[in-house]
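J.: Quick one, fold the following:
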Amino acid sequence: MSNEKGDQPQLENSVFGSFLLGQDEFAIPASAIEDVINAPERITKQPLAPAYLRGILTLRGMTVPVIDLRIMFAMPDTQDTDPSGKKVAILEYGSHHVGLLFDQTGEVFRQNQAGCEYSAYGDGGHESITAGAFHFDGSTRIIQLLDVLAIVELDGVPLTREQDQNRHTQAQIRSRGNRRQAISFRVNVTELALDIVAIQEIVLVEEIENRSLASGICIGTYNLRGQTVPLINLASTLGFGEKVDINKLRGSRFLIARTKGQLFGLAVDEICNIIPYYKDEVLAFPVISIRIPELFLGCIHTQEQEEVFLVDIDRLLSDEEISEATRGHSGLFGKSSDDPTARKEAYRGNAETFLTFHIDKLYAISILDIIEVVNYPGELLRPPMLGHPFDGVLNLRGELISIVNARKLYDLEDPEVINQHVIIFEYLGNRFGLAIQAIEAISHVYPDERQELPKALMDQQSLIAADVKEVIFRRAEEMTDARDLSILDITAVAQRIAPASRDDQAA
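T.: Reported below is the predicted structural model:
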(Lines give C-alpha, C1' and ligand atoms only; values in the text may rest on other atoms or scores of the structure.)
Protein backbone atom coordinates (compact mmCIF):
# COMPACT_ATOMS: atom_id res chain seq x y z
CA MET A 1 0.00 0.00 0.00
CA SER A 2 1.16 3.50 -0.69
CA ASN A 3 2.72 5.36 2.24
CA GLU A 4 1.08 8.58 1.20
CA LYS A 5 -2.55 9.42 1.69
CA GLY A 6 -4.74 9.54 -1.37
CA ASP A 7 -5.72 12.86 -2.84
CA GLN A 8 -8.79 13.68 -0.77
CA PRO A 9 -11.44 15.95 -2.27
CA GLN A 10 -11.68 19.58 -1.23
CA LEU A 11 -13.58 19.24 2.05
CA GLU A 12 -15.33 22.58 1.88
CA ASN A 13 -18.87 22.07 0.56
CA SER A 14 -18.11 18.38 -0.02
CA VAL A 15 -20.87 15.86 0.62
CA PHE A 16 -20.22 12.64 2.53
CA GLY A 17 -22.17 9.47 3.22
CA SER A 18 -21.76 7.74 6.56
CA PHE A 19 -21.96 4.02 7.34
CA LEU A 20 -22.13 2.11 10.61
CA LEU A 21 -19.90 -0.76 11.59
CA GLY A 22 -20.96 -1.87 15.04
CA GLN A 23 -20.80 1.27 17.18
CA ASP A 24 -18.27 2.97 14.90
CA GLU A 25 -19.16 5.37 12.10
CA PHE A 26 -17.21 5.94 8.90
CA ALA A 27 -17.59 8.41 6.05
CA ILE A 28 -16.92 8.19 2.33
CA PRO A 29 -17.00 11.11 -0.15
CA ALA A 30 -20.35 10.91 -1.92
CA SER A 31 -18.55 11.45 -5.22
CA ALA A 32 -16.77 8.08 -4.71
CA ILE A 33 -19.95 6.11 -3.94
CA GLU A 34 -21.42 4.59 -7.09
CA ASP A 35 -24.07 2.49 -5.38
CA VAL A 36 -25.18 0.94 -2.09
CA ILE A 37 -26.69 -2.54 -2.36
CA ASN A 38 -27.94 -5.23 -0.04
CA ALA A 39 -25.20 -7.75 0.62
CA PRO A 40 -25.84 -10.92 -1.41
CA GLU A 41 -26.34 -14.17 0.45
CA ARG A 42 -23.23 -15.58 -1.18
CA ILE A 43 -19.98 -13.72 -1.83
CA THR A 44 -17.55 -15.92 -3.74
CA LYS A 45 -14.38 -16.59 -1.76
CA GLN A 46 -11.20 -15.93 -3.72
CA PRO A 47 -8.07 -18.08 -3.45
CA LEU A 48 -4.77 -16.47 -2.39
CA ALA A 49 -6.67 -13.52 -0.91
CA PRO A 50 -5.90 -11.75 2.39
CA ALA A 51 -8.30 -12.32 5.29
CA TYR A 52 -9.98 -8.93 4.91
CA LEU A 53 -11.01 -9.67 1.31
CA ARG A 54 -14.36 -11.38 1.86
CA GLY A 55 -14.60 -12.36 -1.81
CA ILE A 56 -16.10 -11.01 -5.02
CA LEU A 57 -19.57 -10.35 -6.36
CA THR A 58 -20.83 -9.65 -9.87
CA LEU A 59 -22.55 -6.32 -10.46
CA ARG A 60 -23.71 -5.17 -13.89
CA GLY A 61 -21.06 -7.13 -15.76
CA MET A 62 -18.20 -6.31 -13.35
CA THR A 63 -16.44 -8.44 -10.77
CA VAL A 64 -16.25 -6.34 -7.60
CA PRO A 65 -13.96 -7.28 -4.67
CA VAL A 66 -15.64 -6.93 -1.28
CA ILE A 67 -13.60 -5.84 1.76
CA ASP A 68 -14.67 -6.68 5.31
CA LEU A 69 -13.63 -3.71 7.44
CA ARG A 70 -14.31 -5.63 10.65
CA ILE A 71 -11.34 -7.85 9.88
CA MET A 72 -9.24 -4.93 8.64
CA PHE A 73 -9.78 -3.02 11.90
CA ALA A 74 -9.54 -6.16 14.09
CA MET A 75 -13.00 -5.49 15.48
CA PRO A 76 -15.08 -7.99 17.50
CA ASP A 77 -17.34 -10.50 15.74
CA THR A 78 -14.89 -11.05 12.89
CA GLN A 79 -16.06 -14.67 12.81
CA ASP A 80 -19.52 -13.55 11.71
CA THR A 81 -19.45 -14.67 8.07
CA ASP A 82 -23.15 -14.21 7.34
CA PRO A 83 -23.57 -11.11 5.15
CA SER A 84 -27.39 -11.19 5.24
CA GLY A 85 -28.96 -7.94 6.40
CA LYS A 86 -25.78 -5.98 5.72
CA LYS A 87 -24.95 -3.42 3.04
CA VAL A 88 -22.18 -3.14 0.47
CA ALA A 89 -21.03 0.32 -0.57
CA ILE A 90 -19.65 0.19 -4.14
CA LEU A 91 -16.76 2.67 -4.41
CA GLU A 92 -15.58 4.01 -7.73
CA TYR A 93 -12.06 5.33 -8.18
CA GLY A 94 -11.19 6.12 -11.77
CA SER A 95 -12.07 2.95 -13.68
CA HIS A 96 -11.83 0.71 -10.60
CA HIS A 97 -14.53 -0.51 -8.23
CA VAL A 98 -14.32 -1.89 -4.68
CA GLY A 99 -17.10 -2.94 -2.30
CA LEU A 100 -17.07 -2.24 1.44
CA LEU A 101 -19.19 -4.43 3.73
CA PHE A 102 -21.08 -2.43 6.40
CA ASP A 103 -23.77 -3.17 8.97
CA GLN A 104 -26.06 -0.33 7.90
CA THR A 105 -26.15 3.08 6.25
CA GLY A 106 -25.96 6.30 8.29
CA GLU A 107 -26.67 9.75 6.93
CA VAL A 108 -25.55 12.29 4.36
CA PHE A 109 -23.77 15.41 5.64
CA ARG A 110 -21.54 18.29 4.54
CA GLN A 111 -18.24 19.21 6.10
CA ASN A 112 -19.15 22.90 6.33
CA GLN A 113 -22.37 22.36 8.26
CA ALA A 114 -22.54 24.03 11.62
CA GLY A 115 -20.59 22.34 14.40
CA CYS A 116 -18.63 19.98 12.14
CA GLU A 117 -14.83 20.12 12.15
CA TYR A 118 -12.35 17.91 10.33
CA SER A 119 -8.90 16.82 11.53
CA ALA A 120 -6.47 15.05 9.19
CA TYR A 121 -4.31 12.28 10.58
CA GLY A 122 -1.30 13.39 8.51
CA ASP A 123 0.93 11.50 6.09
CA GLY A 124 3.12 8.71 7.39
CA GLY A 125 1.94 8.97 10.95
CA HIS A 126 -1.12 6.82 10.59
CA GLU A 127 -0.65 3.55 8.72
CA SER A 128 -4.33 3.09 7.94
CA ILE A 129 -7.04 3.42 5.34
CA THR A 130 -8.51 6.30 7.32
CA ALA A 131 -7.51 9.84 6.33
CA GLY A 132 -8.91 11.76 9.28
CA ALA A 133 -12.00 12.30 11.43
CA PHE A 134 -15.01 14.61 11.70
CA HIS A 135 -15.89 16.00 15.13
CA PHE A 136 -19.24 17.53 16.08
CA ASP A 137 -19.64 20.31 18.69
CA GLY A 138 -21.46 19.34 21.86
CA SER A 139 -21.27 15.65 21.04
CA THR A 140 -18.93 12.72 21.44
CA ARG A 141 -19.79 11.65 17.91
CA ILE A 142 -16.74 10.98 15.69
CA ILE A 143 -16.90 9.92 12.06
CA GLN A 144 -13.69 8.62 10.53
CA LEU A 145 -13.07 9.48 6.88
CA LEU A 146 -11.96 6.54 4.73
CA ASP A 147 -9.17 7.06 2.21
CA VAL A 148 -10.55 5.69 -1.06
CA LEU A 149 -7.18 5.51 -2.83
CA ALA A 150 -5.63 3.65 0.11
CA ILE A 151 -8.48 1.13 -0.06
CA VAL A 152 -7.97 0.62 -3.79
CA GLU A 153 -4.24 0.09 -3.21
CA LEU A 154 -4.65 -2.54 -0.48
CA ASP A 155 -2.44 -5.57 -1.06
CA GLY A 156 -4.24 -8.48 -2.66
CA VAL A 157 -7.33 -6.54 -3.75
CA PRO A 158 -8.02 -7.07 -7.47
CA LEU A 159 -8.69 -3.88 -9.38
CA THR A 160 -11.72 -4.26 -11.60
CA ARG A 161 -12.03 -2.34 -14.83
CA GLU A 162 -15.18 -0.95 -16.36
CA GLN A 163 -16.63 -3.50 -18.68
CA ASP A 164 -19.80 -3.85 -20.70
CA GLN A 165 -19.97 -7.56 -21.30
CA ASN A 166 -23.52 -7.59 -22.54
CA ARG A 167 -23.30 -5.10 -25.39
CA HIS A 168 -21.55 -5.98 -28.59
CA THR A 169 -21.56 -4.38 -32.00
CA GLN A 170 -22.43 -6.73 -34.84
CA ALA A 171 -18.76 -6.76 -35.82
CA GLN A 172 -17.80 -7.79 -32.28
CA ILE A 173 -20.39 -10.56 -32.24
CA ARG A 174 -19.09 -11.93 -35.54
CA SER A 175 -15.53 -11.87 -34.21
CA ARG A 176 -16.29 -13.64 -30.91
CA GLY A 177 -14.74 -16.83 -32.20
CA ASN A 178 -15.70 -20.34 -31.24
CA ARG A 179 -17.54 -21.09 -28.05
CA ARG A 180 -15.26 -22.68 -25.50
CA GLN A 181 -15.86 -25.13 -22.68
CA ALA A 182 -14.42 -25.23 -19.19
CA ILE A 183 -14.50 -27.98 -16.57
CA SER A 184 -15.43 -26.54 -13.18
CA PHE A 185 -14.39 -28.09 -9.89
CA ARG A 186 -14.47 -27.27 -6.21
CA VAL A 187 -11.46 -26.81 -3.95
CA ASN A 188 -12.31 -25.99 -0.35
CA VAL A 189 -15.37 -23.71 -0.69
CA THR A 190 -14.34 -22.14 -3.99
CA GLU A 191 -15.44 -23.19 -7.47
CA LEU A 192 -12.75 -22.89 -10.14
CA ALA A 193 -12.45 -23.97 -13.75
CA LEU A 194 -9.90 -24.94 -16.38
CA ASP A 195 -10.45 -24.71 -20.10
CA ILE A 196 -11.22 -28.20 -21.34
CA VAL A 197 -8.26 -27.97 -23.73
CA ALA A 198 -5.92 -27.83 -20.72
CA ILE A 199 -7.31 -31.02 -19.17
CA GLN A 200 -6.00 -34.32 -20.46
CA GLU A 201 -8.45 -36.34 -18.42
CA ILE A 202 -10.01 -36.81 -15.00
CA VAL A 203 -9.08 -39.98 -13.16
CA LEU A 204 -10.08 -41.81 -10.03
CA VAL A 205 -6.85 -42.41 -8.11
CA GLU A 206 -7.02 -45.56 -6.01
CA GLU A 207 -3.34 -45.69 -5.11
CA ILE A 208 -0.86 -42.85 -4.51
CA GLU A 209 2.69 -44.02 -5.12
CA ASN A 210 6.11 -42.72 -4.00
CA ARG A 211 4.63 -41.03 -0.94
CA SER A 212 8.00 -41.19 0.81
CA LEU A 213 9.34 -38.81 -1.85
CA ALA A 214 6.58 -36.25 -1.32
CA SER A 215 7.66 -32.71 -0.54
CA GLY A 216 5.93 -29.33 -0.38
CA ILE A 217 2.90 -29.26 -2.65
CA CYS A 218 3.64 -32.70 -4.15
CA ILE A 219 1.91 -35.54 -2.27
CA GLY A 220 3.15 -38.46 -4.36
CA THR A 221 2.77 -39.87 -7.86
CA TYR A 222 0.23 -41.72 -9.99
CA ASN A 223 0.82 -44.33 -12.69
CA LEU A 224 -1.11 -43.11 -15.74
CA ARG A 225 -0.84 -45.92 -18.29
CA GLY A 226 2.84 -46.37 -17.60
CA GLN A 227 3.67 -42.69 -17.18
CA THR A 228 4.50 -41.38 -13.72
CA VAL A 229 2.55 -38.22 -12.90
CA PRO A 230 3.26 -36.07 -9.82
CA LEU A 231 0.16 -35.32 -7.74
CA ILE A 232 -0.34 -31.79 -6.43
CA ASN A 233 -2.25 -30.64 -3.34
CA LEU A 234 -4.19 -27.90 -5.10
CA ALA A 235 -5.70 -26.54 -1.88
CA SER A 236 -2.22 -25.74 -0.58
CA THR A 237 -1.18 -24.23 -3.93
CA LEU A 238 -4.19 -21.89 -3.84
CA GLY A 239 -3.35 -20.62 -0.37
CA PHE A 240 -6.04 -22.42 1.63
CA GLY A 241 -3.26 -23.66 3.89
CA GLU A 242 -4.66 -27.14 4.28
CA LYS A 243 -2.53 -30.06 5.42
CA VAL A 244 -3.69 -33.02 3.40
CA ASP A 245 -4.29 -36.50 4.76
CA ILE A 246 -2.93 -38.55 1.88
CA ASN A 247 -4.85 -41.63 3.01
CA LYS A 248 -8.12 -39.74 2.59
CA LEU A 249 -7.22 -38.89 -1.01
CA ARG A 250 -7.27 -42.52 -2.05
CA GLY A 251 -10.33 -42.94 -4.24
CA SER A 252 -10.43 -39.22 -5.00
CA ARG A 253 -10.61 -37.60 -8.42
CA PHE A 254 -7.62 -35.81 -9.90
CA LEU A 255 -7.49 -33.51 -12.91
CA ILE A 256 -4.65 -34.54 -15.20
CA ALA A 257 -3.37 -31.40 -16.91
CA ARG A 258 -0.21 -30.40 -18.73
CA THR A 259 1.69 -27.23 -17.93
CA LYS A 260 5.14 -26.23 -19.15
CA GLY A 261 5.67 -29.62 -20.76
CA GLN A 262 4.92 -31.63 -17.61
CA LEU A 263 1.83 -33.62 -16.69
CA PHE A 264 0.46 -33.05 -13.19
CA GLY A 265 -2.47 -34.48 -11.26
CA LEU A 266 -4.43 -31.83 -9.35
CA ALA A 267 -6.39 -32.94 -6.27
CA VAL A 268 -9.93 -31.51 -6.21
CA ASP A 269 -12.82 -31.98 -3.82
CA GLU A 270 -15.51 -32.31 -6.48
CA ILE A 271 -15.99 -32.19 -10.24
CA CYS A 272 -18.87 -29.78 -10.80
CA ASN A 273 -19.93 -28.91 -14.34
CA ILE A 274 -19.02 -28.27 -17.95
CA ILE A 275 -19.45 -24.54 -18.57
CA PRO A 276 -19.69 -23.04 -22.07
CA TYR A 277 -18.30 -19.54 -22.53
CA TYR A 278 -17.00 -17.06 -25.06
CA LYS A 279 -13.70 -15.34 -24.43
CA ASP A 280 -15.38 -11.93 -24.32
CA GLU A 281 -17.79 -13.13 -21.62
CA VAL A 282 -15.00 -13.70 -19.09
CA LEU A 283 -15.05 -10.92 -16.52
CA ALA A 284 -11.44 -9.87 -16.18
CA PHE A 285 -9.47 -8.71 -13.20
CA PRO A 286 -5.71 -8.16 -12.89
CA VAL A 287 -2.94 -9.43 -10.63
CA ILE A 288 -3.91 -10.27 -7.05
CA SER A 289 -0.79 -12.13 -5.96
CA ILE A 290 2.88 -11.44 -6.35
CA ARG A 291 3.65 -15.14 -5.86
CA ILE A 292 1.48 -16.30 -8.73
CA PRO A 293 1.02 -13.43 -11.18
CA GLU A 294 -2.05 -13.48 -13.38
CA LEU A 295 -3.19 -16.81 -11.96
CA PHE A 296 -6.78 -16.20 -13.07
CA LEU A 297 -7.85 -15.48 -16.61
CA GLY A 298 -11.03 -14.02 -15.19
CA CYS A 299 -14.41 -14.97 -13.84
CA ILE A 300 -17.34 -16.79 -15.48
CA HIS A 301 -20.87 -16.00 -14.33
CA THR A 302 -22.84 -19.26 -14.35
CA GLN A 303 -26.47 -20.22 -14.87
CA GLU A 304 -26.71 -20.70 -11.07
CA GLN A 305 -25.79 -17.00 -10.61
CA GLU A 306 -22.43 -17.92 -9.15
CA GLU A 307 -18.91 -16.82 -10.04
CA VAL A 308 -16.34 -19.38 -11.14
CA PHE A 309 -12.65 -18.47 -11.32
CA LEU A 310 -11.09 -19.44 -14.66
CA VAL A 311 -7.53 -20.58 -13.95
CA ASP A 312 -4.61 -20.07 -16.34
CA ILE A 313 -2.99 -23.51 -16.31
CA ASP A 314 0.38 -22.09 -17.38
CA ARG A 315 0.39 -19.76 -14.35
CA LEU A 316 -0.87 -22.26 -11.81
CA LEU A 317 2.58 -23.54 -10.86
CA SER A 318 5.70 -21.43 -10.90
CA ASP A 319 9.00 -22.79 -12.22
CA GLU A 320 10.18 -23.08 -8.61
CA GLU A 321 7.10 -25.10 -7.60
CA ILE A 322 7.50 -27.43 -10.58
CA SER A 323 11.14 -27.95 -9.61
CA GLU A 324 10.10 -28.61 -6.01
CA ALA A 325 7.37 -31.04 -7.04
CA THR A 326 9.82 -33.12 -9.09
CA ARG A 327 12.90 -32.71 -6.89
CA GLY A 328 14.55 -35.99 -5.91
CA HIS A 329 12.65 -38.08 -8.39
CA SER A 330 12.54 -36.03 -11.59
CA GLY A 331 13.90 -39.01 -13.49
CA LEU A 332 10.58 -40.73 -12.96
CA PHE A 333 8.61 -38.11 -14.84
CA GLY A 334 10.23 -37.90 -18.24
CA LYS A 335 10.51 -40.40 -21.07
CA SER A 336 13.37 -40.44 -23.51
CA SER A 337 12.90 -41.03 -27.19
CA ASP A 338 14.58 -44.41 -26.68
CA ASP A 339 11.88 -45.53 -24.26
CA PRO A 340 9.75 -48.14 -26.09
CA THR A 341 6.67 -47.01 -24.14
CA ALA A 342 7.22 -43.43 -25.29
CA ARG A 343 7.60 -44.55 -28.91
CA LYS A 344 4.43 -46.57 -28.57
CA GLU A 345 2.53 -43.54 -27.23
CA ALA A 346 3.60 -41.48 -30.23
CA TYR A 347 1.97 -43.90 -32.71
CA ARG A 348 -1.24 -44.65 -30.82
CA GLY A 349 -3.29 -42.15 -32.78
CA ASN A 350 -5.73 -39.54 -31.54
CA ALA A 351 -7.66 -40.26 -28.38
CA GLU A 352 -11.41 -39.70 -28.11
CA THR A 353 -12.62 -37.93 -24.99
CA PHE A 354 -15.66 -39.08 -23.04
CA LEU A 355 -17.61 -37.78 -20.06
CA THR A 356 -18.44 -40.70 -17.77
CA PHE A 357 -21.37 -40.60 -15.38
CA HIS A 358 -23.75 -42.73 -13.33
CA ILE A 359 -27.36 -43.63 -14.06
CA ASP A 360 -27.83 -47.19 -12.82
CA LYS A 361 -24.19 -47.95 -13.65
CA LEU A 362 -21.34 -46.23 -15.46
CA TYR A 363 -22.04 -44.75 -18.90
CA ALA A 364 -20.24 -42.34 -21.19
CA ILE A 365 -21.01 -39.75 -23.88
CA SER A 366 -18.50 -38.24 -26.28
CA ILE A 367 -17.52 -34.78 -25.14
CA LEU A 368 -18.22 -33.57 -28.68
CA ASP A 369 -21.93 -34.37 -28.20
CA ILE A 370 -22.23 -32.27 -25.03
CA ILE A 371 -23.05 -28.55 -25.04
CA GLU A 372 -22.64 -28.12 -21.29
CA VAL A 373 -23.31 -29.70 -17.90
CA VAL A 374 -25.16 -27.78 -15.18
CA ASN A 375 -26.13 -28.51 -11.60
CA TYR A 376 -29.58 -30.00 -11.24
CA PRO A 377 -31.73 -26.92 -10.51
CA GLY A 378 -33.51 -26.46 -7.22
CA GLU A 379 -36.65 -25.41 -9.07
CA LEU A 380 -38.04 -26.32 -12.48
CA LEU A 381 -41.03 -25.04 -14.43
CA ARG A 382 -43.68 -27.77 -14.33
CA PRO A 383 -46.28 -27.24 -17.03
CA PRO A 384 -49.64 -29.07 -16.87
CA MET A 385 -49.81 -32.67 -18.11
CA LEU A 386 -46.06 -33.17 -17.73
CA GLY A 387 -45.04 -36.48 -19.33
CA HIS A 388 -43.60 -39.46 -17.44
CA PRO A 389 -39.88 -39.12 -18.25
CA PHE A 390 -39.80 -35.34 -17.84
CA ASP A 391 -38.89 -33.62 -14.57
CA GLY A 392 -39.81 -30.17 -15.89
CA VAL A 393 -38.48 -27.26 -17.92
CA LEU A 394 -35.27 -25.35 -17.20
CA ASN A 395 -34.85 -21.68 -18.06
CA LEU A 396 -31.23 -21.70 -19.19
CA ARG A 397 -30.16 -18.13 -19.92
CA GLY A 398 -33.51 -17.33 -21.51
CA GLU A 399 -33.88 -20.63 -23.39
CA LEU A 400 -36.44 -23.18 -22.18
CA ILE A 401 -35.04 -26.73 -22.14
CA SER A 402 -36.95 -29.92 -21.36
CA ILE A 403 -35.29 -31.91 -18.57
CA VAL A 404 -35.59 -35.70 -18.92
CA ASN A 405 -35.00 -37.98 -15.94
CA ALA A 406 -32.70 -40.70 -17.28
CA ARG A 407 -33.92 -43.33 -14.83
CA LYS A 408 -37.56 -42.68 -15.78
CA LEU A 409 -36.72 -42.64 -19.48
CA TYR A 410 -35.29 -46.16 -19.26
CA ASP A 411 -37.75 -47.54 -16.66
CA LEU A 412 -34.97 -48.22 -14.17
CA GLU A 413 -35.51 -49.00 -10.51
CA ASP A 414 -35.60 -46.18 -7.95
CA PRO A 415 -36.70 -43.42 -10.39
CA GLU A 416 -36.71 -40.90 -7.53
CA VAL A 417 -32.95 -41.17 -6.94
CA ILE A 418 -31.59 -37.66 -6.41
CA ASN A 419 -29.94 -36.32 -9.55
CA GLN A 420 -27.00 -33.95 -9.21
CA HIS A 421 -26.30 -32.84 -12.79
CA VAL A 422 -27.96 -32.22 -16.14
CA ILE A 423 -26.22 -32.94 -19.46
CA ILE A 424 -27.34 -30.44 -22.11
CA PHE A 425 -27.22 -31.72 -25.71
CA GLU A 426 -28.78 -30.80 -29.05
CA TYR A 427 -30.66 -32.85 -31.65
CA LEU A 428 -32.12 -31.46 -34.88
CA GLY A 429 -31.98 -27.92 -33.53
CA ASN A 430 -33.71 -28.77 -30.23
CA ARG A 431 -31.92 -28.82 -26.90
CA PHE A 432 -32.61 -31.37 -24.18
CA GLY A 433 -31.31 -31.94 -20.69
CA LEU A 434 -30.57 -35.45 -19.42
CA ALA A 435 -30.73 -35.58 -15.61
CA ILE A 436 -28.08 -37.94 -14.22
CA GLN A 437 -27.06 -39.11 -10.78
CA ALA A 438 -23.41 -37.99 -10.75
CA ILE A 439 -20.41 -37.21 -12.93
CA GLU A 440 -17.61 -39.74 -12.66
CA ALA A 441 -14.69 -38.49 -14.76
CA ILE A 442 -13.39 -37.41 -18.14
CA SER A 443 -11.50 -40.18 -19.93
CA HIS A 444 -9.29 -40.32 -23.00
CA VAL A 445 -9.57 -43.56 -24.97
CA TYR A 446 -6.96 -44.41 -27.59
CA PRO A 447 -7.82 -46.55 -30.62
CA ASP A 448 -5.70 -49.48 -29.41
CA GLU A 449 -7.58 -49.53 -26.07
CA ARG A 450 -10.96 -50.15 -27.69
CA GLN A 451 -12.48 -53.61 -27.85
CA GLU A 452 -16.13 -53.47 -28.86
CA LEU A 453 -18.59 -55.80 -27.16
CA PRO A 454 -20.73 -57.72 -29.67
CA LYS A 455 -24.38 -56.63 -29.64
CA ALA A 456 -25.49 -60.21 -29.08
CA LEU A 457 -23.86 -60.17 -25.63
CA MET A 458 -25.77 -57.11 -24.45
CA ASP A 459 -28.84 -57.35 -22.25
CA GLN A 460 -31.60 -57.32 -24.86
CA GLN A 461 -34.27 -56.77 -22.18
CA SER A 462 -32.82 -53.46 -21.06
CA LEU A 463 -34.13 -50.27 -22.68
CA ILE A 464 -30.90 -48.42 -22.07
CA ALA A 465 -28.86 -51.22 -23.68
CA ALA A 466 -30.66 -50.49 -26.94
CA ASP A 467 -29.21 -46.94 -26.88
CA VAL A 468 -25.66 -48.12 -26.15
CA LYS A 469 -23.78 -47.96 -29.43
CA GLU A 470 -20.55 -49.44 -28.13
CA VAL A 471 -19.03 -50.97 -25.01
CA ILE A 472 -15.32 -50.31 -24.79
CA PHE A 473 -13.15 -52.69 -22.80
CA ARG A 474 -10.01 -50.77 -21.96
CA ARG A 475 -6.82 -52.82 -21.81
CA ALA A 476 -5.66 -53.58 -18.28
CA GLU A 477 -1.99 -53.50 -19.25
CA GLU A 478 -0.14 -50.64 -17.53
CA MET A 479 -3.49 -49.23 -16.33
CA THR A 480 -4.81 -48.67 -12.84
CA ASP A 481 -8.19 -47.32 -13.98
CA ALA A 482 -9.15 -50.01 -16.51
CA ARG A 483 -12.94 -50.34 -16.70
CA ASP A 484 -15.44 -50.90 -19.46
CA LEU A 485 -17.33 -47.87 -20.78
CA SER A 486 -20.88 -48.15 -22.13
CA ILE A 487 -21.06 -45.42 -24.78
CA LEU A 488 -24.54 -43.97 -25.24
CA ASP A 489 -25.61 -42.98 -28.75
CA ILE A 490 -26.85 -39.42 -28.23
CA THR A 491 -29.00 -39.66 -31.40
CA ALA A 492 -30.75 -42.76 -30.05
CA VAL A 493 -31.31 -41.04 -26.69
CA ALA A 494 -32.83 -37.99 -28.43
CA GLN A 495 -35.07 -40.14 -30.63
CA ARG A 496 -36.31 -41.96 -27.54
CA ILE A 497 -37.11 -38.61 -25.91
CA ALA A 498 -38.78 -37.09 -28.99
CA PRO A 499 -41.74 -39.54 -29.17
CA ALA A 500 -42.38 -38.93 -25.47
CA SER A 501 -42.43 -35.21 -26.18
CA ARG A 502 -44.86 -35.68 -29.09
CA ASP A 503 -47.10 -37.91 -26.97
CA ASP A 504 -47.32 -35.14 -24.36
CA GLN A 505 -48.34 -32.63 -27.00
CA ALA A 506 -50.96 -35.00 -28.40
CA ALA A 507 -52.37 -35.65 -24.93
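
J.: wait, Ile232 sits on Val268?
T.: No - applying CB atoms under 8 Å, one finds Ile232 not in contact with Val268, separated by 10.3 Å. C-beta: built from backbone N, CA, C; applies to glycine.

J.: Would you mind telling me which of the two has the busier surroundings?
T.: Neighbours around Ile232 and Val268, counted as other CB atoms under 10 Å, are more numerous at Ile232. The numbers are 25 against 21.

J.: Which stretches in the stretch 301-450 of the chain count as strands?
T.: Listed in chain order, the strands of the stretch 301-450 of the chain (DSSP state E, counting those that start in this stretch) span 307-311, 352-358, 362-366, 372-375, 390-396, 399-405, 421-427, 430-436, 438-445.

J.: Those strands: which one's closest to Glu209?
T.: Closest of those to Glu209 is strand 438-445, at 19.2 Å (criterion: CB to CB).

J.: What are the buried residues along the closest one?
T.: By 16 or more other CB atoms under 10 Å, the buried positions in strand 438-445 come out as Ile439, Glu440, Ala441, Ile442, Ser443, His444, Val445.

J.: can I get those residues in JSON lines with pLDDT and distance to Leu400?
T.: Shown next, in JSON lines, are the buried residues of strand 438-445 (pLDDT from 0 to 100; distance: CB to CB, whole Å):
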{"residue": "Ile439", "pLDDT": "89", "distance to Leu400": "24"}
{"residue": "Glu440", "pLDDT": "86", "distance to Leu400": "29"}
{"residue": "Ala441", "pLDDT": "85", "distance to Leu400": "30"}
{"residue": "Ile442", "pLDDT": "87", "distance to Leu400": "28"}
{"residue": "Ser443", "pLDDT": "83", "distance to Leu400": "32"}
{"residue": "His444", "pLDDT": "80", "distance to Leu400": "34"}
{"residue": "Val445", "pLDDT": "80", "distance to Leu400": "34"}
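
J.: what secondary structure does the residue lying farthest from the centre of the chain sit in?
T.: Residue farthest from the centre of the chain, counting by CA atoms, centre = their mean, is Gly138 at 52.9 Å. Here Gly138 is coil, with the state taken from DSSP: H, G, I helix; E, B strand; the rest coil.

J.: and the closest residue to it other than its chain neighbours, how far is that from Asp360?
T.: Nearest residue to Gly138, sequence neighbours excluded (CB to CB, 6 or more residues apart in numbering): Gly115, at 6.8 Å. Distance of Gly115 to Asp360, computed by CB to CB, to the nearest Å: 76 Å.

J.: For the two, indicate the residue with more neighbours.
T.: Asp360 (15 against 10).

J.: State the distance from that one to Glu270.
T.: Taking CB to CB, one finds Asp360 at 22 Å from Glu270.

J.: Could you do Arg180 as well?
T.: 22 Å.

J.: again, but for Leu297
T.: Distance of Leu297 to Glu270, given as CB to CB: 21 Å.

J.: Number of residues surrounding Leu100?
T.: Neighbours of Leu100 (other CB under 10 Å): 25.

J.: Tell me the bridge partners for it.
T.: Beta-bridge partners recorded for Leu100 (DSSP bridges): Ile67, Ala89.

J.: Over to Gly132?
T.: Ala120, Leu145.

J.: and what of Tyr93?
T.: With DSSP bridges as the rule, Tyr93 is bridged to His96.

J.: Correct me if wrong: it contacts Val148.
T.: Yes - with contacts counted by CB under 8 Å, Tyr93 reaches Val148, the gap being 5.3 Å.

J.: Tell me how far Pro29 lies from Phe109.
T.: Noted for Pro29: a distance of 12 Å to Phe109, by CB to CB.

J.: brain fart, Arg180
T.: According to CB to CB, Arg180 and Phe109 sit 50 Å apart.

J.: And Cys218, by the same measure?
T.: With the distance defined as CB to CB, Cys218 ends up 57 Å from Phe109.

J.: Which of the two has more residues huddled nearby?
T.: Between Cys218 and Phe109, counted using other CB under 10 Å, Cys218 has the larger neighbour count: 25 against 18.

J.: Now do the contacts for the more buried one.
T.: Contacts for Cys218 were tallied using CB atoms under 8 Å, 6 or more residues apart in numbering; they are Pro230, Leu231, Ile232, Asn233, Glu324, Ala325, Thr326.

J.: and which of the residues you listed is nearest Glu206?
T.: Leu231 (12.5 Å).

J.: Where does the nearest residue to the closest one once chain neighbours are set aside fall, secondary structure wise?
T.: Spatial nearest neighbour of Leu231, chain neighbours left out: Gly265 (4.3 Å); criterion: CB to CB, 6+ apart. Using DSSP states H and E, Gly265 sits in strand 262-267.
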